[in-house]
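Participant: Mind folding the following:
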Amino acid sequence: MLLHPLAIRIAHWLNAFAIVCMLMSGWAIYNASPIFGFRFPAWATLGGWLGGAIAWHFAAMWLLLANGLFYLLYGVASGHFRRHFLPLRARDVMADARQALLLQLPHRPGVYNAVQKLLYWTVIALGMLAVLSGLAIWKPVQLEVLSDLFGGFDTARKVHFFAMAGIATFVAVHLLLVILVPKTLLPMVTGRGRSNEHAENTP
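Facilitator: So this is what the prediction gives:
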């Protein structure tokens with residue numbers, strides 16, 4: 001049975017590539033002028049030097065922006081968001097979070113639990129915040145109104161950093177869940193899986 005349409009799979013893997021490039025090049029840019037008392041290790045950065053990191057960051061930014069817009073438009077037009085990410089209720093999130101902490105949350109291929117729905121909506125919002133704050137950093141004079149909305153250049157850098165940290169945390173959790181439930185990976189490659197499998201307890 002088709003679990004993930006081709007458009008979703010393409011958007012997923014393009015997003016994965018773009019986000020990794022954005023994170024690693026962004027860490028290199030951060031290292032050139034840290035705003036907190038630490039630096040990222042060189043092996044976790046991309047670009048080799050500041051100019052190279054900026055080039056990677058902008059190239060990945062346009063890919064992420066274009067692919068993100070496609071995903072949002074497809075998600076709305078196809079009903080993907082409505083079918084898979086809605087409804088989202090606080091009581092369902094609390095109940096599923098409790099089951100997850102007790103390692104009793106069932107996994108059903110092609111079905112998103114309430115915690116997953118919340119995480120996907122959160123990372124979409126963080127992505128938008130990262131783009132807007134990134135634009136405010138990139139063109140603080142030309143986009144002065146946007147920069148002012150973030151409280152100025154320095155505050156926009158902090159907002160951009162924490163949006164990035166949230167996205168990086170989402171990616172880490174996502175990878176951990178794939179490791180714990182490896183059978184979820186193949187359907188994101190082939191698109192197909194067994195939606196009538198018995199629910200299994202997963203973290």
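Participant: which residues in the chain form strands?
Facilitator: Ranges of strands within the chain are 105-107, 200-202, based on DSSP state E.
Participant: Could you identify which of these has the lowest mean pLDDT?
Facilitator: Sorting these by mean pLDDT places strand 200-202 lowest, at a mean of 36.
Participant: so where's the chain shaky on pLDDT?
Facilitator: 109, 194-203 (pLDDT under 70).
Participant: one more time with 50
Facilitator: Applying pLDDT under 50 to the chain flags the ranges 196-203.
Participant: the helices in it, which residues?
Facilitator: 6-32, 50-77, 80-84, 90-101, 114-138, 144-149, 153-180, 185-190 (DSSP state H).
Participant: Can you say which of these is nearest to P41?
Facilitator: helix 6-32 (8.7 Å; CB to CB). For glycine as for every other residue, the C-beta is placed from the backbone atoms N, C-alpha and C.
Participant: tell me what the closest one is packed against?
Facilitator: When contacts are defined as 3 or more CB pairs under 8 Å, 6 or more residues apart in numbering; DSSP states H and E, helix 6-32 sits against helix 50-77, helix 153-180, helix 185-190.
Participant: And the first one, what's buried?
Facilitator: Neighbour-count burial for helix 50-77, counted by 16 or more other CB atoms under 10 Å, picks out 53-54, 56-57, 60-61, 63-64, 67-68, 71, 74-75.
Participant: Now render those residues as CSV, adding distance to A125.
Facilitator: Shown next, in CSV, are the buried residues of helix 50-77 (distance: CB to CB, whole Å):
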residue, distance to A125
A53, 26
I54, 26
W56, 25
H57, 21
A60, 20
M61, 18
L63, 20
L64, 15
N67, 17
G68, 12
Y71, 14
Y74, 18
G75, 14
